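Student: no sequence for this one, just the structure:
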Ligand SMILES: [Zn+2]
């Protein structure tokens, strides 16, 4: 019985391989000493669906590209070079009583067939480490980040890890992936990942990405045929690293949001457009006889000409439905028009975190309009503007939510001029960061090196009426811990000696626009 079974199995194998064209050529030609491995690269993906502005992107389309590539060559490695857990509209919403916080991204990328990611700075957006841990545990793909560690409460460091059922699996600093083709050629690909250290949370610790990358390379070069880097760095740092590691033919990078292919010596640094508006397809060709690797890279636009892959589209559709239901329950009608923009509204982070903008003027205008105490100025932390895109044409309620995904209420305060001065100065020193303030009613007089309120010099001894997001009064904005204010327990005054009074709307009053800055903005723009 046993022999017959074994024989039948052999026969079946022979029949199967005869039907497989790749295998047939292998048995005819033998090992040709050349192997091709395809890397499908995304980076900086915050949206699972096509972008509303131009219908580009969409992860179900990327999944189709992946499947098509795999038809030609099963050796496709799909990677995402950081930034995907946050921010997004869906991520800020609640589902089944919990904030979604990137769960939808992991589920969609799992279905798409993602293999490897490197941590990006946005993976450390959530205050609670448990949110990132949940995403790690849910992910079917592997995470690299040789220069980042989790800092425990006692200050000790440990690798980030995934809890996969019974086992705990540490995220590796590097990996050797052995790939074999149909004719038996094989190559050992060493892969490492490093990232920028700007994602600041008390439970995260970084080492220098350059020295760490060199260490990883030295470790990998003895046990692999070719070493590839995954990086989440500024392009200037990518090029510096490529200069330090001339034998790494390919760095798949992120953090920059527009596509680029930069050459540095024999190396190539590639970044696709954010939100999967494009992907990079890299073909690595390795010759086992010459031990030489070459890379050819092709940018592929992701647009409406690519059909959705059904399984990924089903996951995306499910989350879009959750989004629409959740937004509706918060009082938004996603598709409903708010206004027609006469000129494009630039909400890119590089703009709103560095200068006074039209978007800032619009939102602070809405804050003043919704207020009840006639504030003299409105202050908005620019980090609350998250869409990172240029909006144009018809603005819908969904666009407003994309612009201000965190929402949140407005507080009206009377504060001492000395505190207002400190706040305005901190906003200025936060230029380039989310703590940079968009301001109405006040401006910095460059010539006089002073602040003007309603065109009059700020008087530190006076009391000013100011409207600002509740968030700023938590004291959690960068360099603004001194703004921490709550209503005093006796109902008179506040816990902050420099804040004389604090007015907040009744949380139960749904008609009070001060309960959600987005509702205030929608109302303001419709007027
Ligand atoms: Zn980034």
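Tutor: Everything's here; your move. Small disclaimer: the values here were computed from a predicted structure and weren't measured. Numbers count the residues shown, from 1 in each chain.
Student: dump the residue contacts of the residue of the stretch 201-350 of the chain found nearest the ion.
Tutor: The stretch 201-350 of the chain approaches the ion most closely through residue 255 (3.8 Å), counting by CB to the ion. From N, CA and C alone the C-beta is placed, and that goes for glycine too. Residue 255 is in contact with 43-44, 82-83, 120-121, 196, 232-234, 271, counting by CB atoms under 8 Å, 6 or more residues apart in numbering.
Student: Buried ones among the residues you listed?
Tutor: Those of the contacts of residue 255 that meet the buried threshold are 43-44, 82-83, 120-121, 196, 232-233, 271, by 16 or more other CB atoms under 10 Å.
Student: and the ion, which of these contact it?
Tutor: Filtering those for proximity to the ion by CB under 5 Å from the ion leaves 83, 120-121.
Student: With respect to residue 410, which of these is nearest?
Tutor: For these, the closest approach to residue 410 (CB to CB) belongs to residue 121, at 28.7 Å.
Student: Who are the contact partners of that closest one?
Tutor: Residue 121 touches 82-83, 195-196, 198-199, 232, 255, counting by CB under 8 Å, 6+ apart.
Student: before we move on, what about residue 377?
Tutor: Per CB under 8 Å, 6+ apart, neighbours of residue 377: 420, 439-442, 453, 464, 466-467.
Student: make it 6 Å
Tutor: 441-442, 466 (CB atoms under 6 Å, 6 or more residues apart in numbering).
Student: wait, which of the residues you listed is closest to the ion?
Tutor: The ion lies nearest to residue 442 out of the contacts of residue 377, by CB to the ion, at 31.4 Å.
Student: partner residues bridging the closest residue to that closest one other than its chain neighbours?
Tutor: Leaving aside its chain neighbours, residue 442 sits nearest to residue 377 (4.6 Å; criterion: CB to CB, 6 or more residues apart in numbering). Per DSSP bridges, the residues bridged to residue 377 are residue 466.
Student: Residue 78 now?
Tutor: Beta-bridge partners, per DSSP bridges, of residue 78: residue 40.
Student: on that earlier part again, need the contacts of residue 255 in CSV with secondary structure and pLDDT, can you?
Tutor: CSV is the format used below for these (DSSP: H, G, I helix; E, B strand; the rest coil; pLDDT from 0 to 100):
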residue, secondary structure, pLDDT
43, coil, 98
44, coil, 95
82, coil, 98
83, coil, 96
120, coil, 96
121, helix, 92
196, coil, 94
232, strand, 97
233, coil, 96
234, coil, 93
271, strand, 98
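Student: And the furthest pair within those residues?
Tutor: Counting by CB to CB, the most remote pair of the contacts of residue 255 is 121 and 271, 14.7 Å apart.
Student: which parts of the stretch 201-350 of the chain sit against the ion?
Tutor: By CB under 5 Å from the ion, the part of the stretch 201-350 of the chain that sits against the ion consists of residue 255.
Student: Mind jotting down where the strands sit in the stretch 201-350 of the chain?
Tutor: For the stretch 201-350 of the chain, the strands defined by DSSP state E, counting those that start in this stretch cover 204-206, 226-232, 250-253, 260-264, 267-271, 278-287, 292-301, 337-340, 345-346.
Student: what do you get for the stretch 351-500 of the chain?
Tutor: Going by DSSP E, counting those that start in this stretch, the stretch 351-500 of the chain shows strands at 377-381, 390-391, 394-396, 410-416, 437-440, 442-445, 450-453, 456-457, 463-469, 499-503.
Student: Can you flag the weakest of those by average pLDDT?
Tutor: Looking at the strands of the stretch 351-500 of the chain, the lowest mean pLDDT belongs to strand 390-391 (a mean of 89).
Student: starting at the chain centroid, how far to that strand?
Tutor: Chain-centre distance of strand 390-391: 18 Å, with CA atoms, centre = their mean, to the nearest Å.
Student: quick one: strands adjacent to that strand?
Tutor: strand 345-346 (antiparallel).
Student: Could you list the residues in contact with the strand it pairs with?
Tutor: By CB under 6 Å, 6+ apart, strand 345-346 touches 359, 390-391.
Student: for the record, mean pLDDT for that strand?
Tutor: Computed over strand 345-346, the mean pLDDT rounds to 95.
Student: Residue numbers of the chain in contact with the ion?
Tutor: Counting by CB under 5 Å from the ion, the chain sits next to the ion at 83, 120-121, 255.
Student: Looking at the residues you listed, which is nearest residue 142?
Tutor: Of those, the one sitting nearest to residue 142 (CB to CB) turns out to be residue 120, at 15.0 Å.
Student: isn't that closest one right up against residue 84?
Tutor: No: using CB atoms under 6 Å, residue 120 is not in contact with residue 84; the gap is 7.2 Å.
Student: can you count the residues close to the closest residue to residue 276 other than its chain neighbours?
Tutor: Spatial nearest neighbour of residue 276, chain neighbours left out: residue 57 (4.5 Å); criterion: CB to CB, 6+ apart. Look at residue 57: counted by other CB atoms under 10 Å, it has 26 neighbours.
Student: now residue 57: how far from the ion?
Tutor: Residue 57 is 17 Å from the ion, where distance means CB to the ion, to the nearest Å.
Student: which ones are touching that residue?
Tutor: Contact analysis of residue 57 by CB under 6 Å, 6+ apart lists 50-51, 275-277, 302.
Student: Report the secondary structure state of it.
Tutor: Classification of residue 57 by DSSP: H, G, I helix; E, B strand; the rest coil places it in coil.
Student: State the pLDDT value of it.
Tutor: In this model, residue 57 carries a pLDDT of 97.
Student: try residue 265
Tutor: 91.
Student: so what's it closest to, chain neighbours aside?
Tutor: Nearest to residue 265 is residue 246, by CB to CB, 6+ apart, at 4.7 Å.
Student: Kindly list the main-chain dihedrals of the one you found?
Tutor: Here is the backbone geometry of residue 246 (degrees, to the nearest 10): phi -70, psi -20.
Student: Give me the distance between residue 200 and residue 120.
Tutor: The gap separating residue 200 from residue 120 is 14 Å, by CB to CB, to the nearest Å.
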